[in-house]
Structures are given as C-alpha cells and as structure tokens.
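Peer 1: Got a predicted model here, sequence first, then my questions.
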Amino acid sequence: QNYPLYIRSIPTENELKFHYTVHTSLDVVDEKISAMGKALVDQRELYLGLLYPTEDYKVYGYVTNSKVKFVMVVDSSNTALRDNEIRSMFRKLHNSYTDIMCNPFYNPGDRIHSRAFDTMVNSMMMQVC
C-alpha cells in the first residue's frame with residue numbers, strides 16, 4: 001500500500017528528513033517498475049540500483065517478486081560502497097524480512113517490531129559508517 005513499515009537512521013536527528021526521502025523514493029520505485037513492465041514478471045527479484053542522487057545522499061531501490069519494496073539511503077560522501085555491496089545488503093534485508101513474515105504472530109502490513117531485524121539493520125548500518 002506504499003507506506004513504510006520500517007525506517008531506521010543514524011543519526012536519529014535526521015529521521016524526519018529520511019521519512020520524506022523514503023516516501024519520495026517509493027514513487028520513483030513505482031515509476032521504474034511500470035517502465036519495466038513484462039521484464040519484471042520474469043525475474044525473482046529486482047535490484048533497481050540507484051533511484052536518484054541528491055546533494056547529500058544516494059537512494060537505492062530493490063523490489064521482491066511479491067512487490068515488497070526496499071529503499072536504502074546512503075551518504076553521498078561514502079565512496080567505499082559499490083553496487084554489488086548494496087545488492088548484497090538488500091539480499092540480507094530481504095532474507096530478514098522473510099524471517100519476519102514466517103513468524104505466525106506477525107500480521108502482514110503492520111509496522112515491523114523485531115529485535116532480530118533491528119540487530120541485523122544496525123549491524124549493516126555500522127558496517128557502512
């Protein structure tokens with residue numbers, strides 16, 4: 001339904017700015033998906049790559065076969081991250097999200113409240129910083 005289920009940022013002071021960036025990015029993801037059309041149906045997962053750069057950040061996107069969208073915002077000054085590392089991070093997110101969906105007590109569409117998911121996301125964010 002195009003609303004974020006989970007947002008995490010470091011530092012937390014900029015979290016409101018990231019909410020805006022994520023909402024804007026979801027629209028860009030939808031545009032890219034509709035532009036790809038039939039090619040999307042043939043793939044199990046879709047790494048969209050760089051959605052758009054800003055002065056301060058680069059925004060990347062990823063969509064699963066069930067149309068779950070992941071958006072990652074990375075500091076533009078971080079030149080150490082390559083495309084294959086971003087793709088690997090999205091796969092880790094996807095795997096952790098799948099683990100949450102397998103939980104019989106989780107209602108799809110609810111905000112994600114999982115210590116294991118938080119730990120995984122925090123470790124990825126510390127790796128990048």
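Peer 2: Received the coordinates, thanks.

Peer 1: OK, contacts around Met36?
Peer 2: Neighbouring residues of Met36 by CB atoms under 8 Å, 6 or more residues apart in numbering: Leu46. (Glycine included, C-beta is placed from N, CA and C.)

Peer 1: Pretty sure His19 sits against Arg8.
Peer 2: No - if you go by CB atoms under 8 Å, His19 and Arg8 don't touch, sitting 11.5 Å apart.

Peer 1: Tell me how far the strand or helix carrying Arg87 lies from the chain's centre.
Peer 2: Using DSSP states H and E, Arg87 sits in helix 83-101. Averaging C-alpha positions (CA atoms, centre = their mean, to the nearest Å) puts helix 83-101 8 Å from its chain's average.

Peer 1: Quick one: distance of the helix or strand following that helix to the chain centre.
Peer 2: The first helix or strand that comes after helix 83-101 along the chain, using DSSP H and E, is helix 115-128. For helix 115-128, the distance from its own C-alpha centre to the chain's C-alpha centre is 13 Å (CA atoms, centre = their mean).

Peer 1: Helix 115-128 vs helix 83-101, what angle?
Peer 2: Helix 115-128 and helix 83-101 are oriented at 170 degrees to each other (axes from the mean of the first three to the mean of the last three CA atoms, to 10 degrees).

Peer 1: follow-up on the earlier one: tell me what the helix holding Arg87 is packed against?
Peer 2: strand 45-53, strand 57-64, strand 69-75, helix 115-128 (3 or more CB pairs under 8 Å, 6 or more residues apart in numbering; DSSP states H and E).

Peer 1: most neighbours per residue, which of the ones you listed?
Peer 2: Mean neighbours per residue, mean count of other CB atoms under 10 Å, is largest over the helices and strands packed on helix 83-101 for strand 57-64, with a mean of 20.
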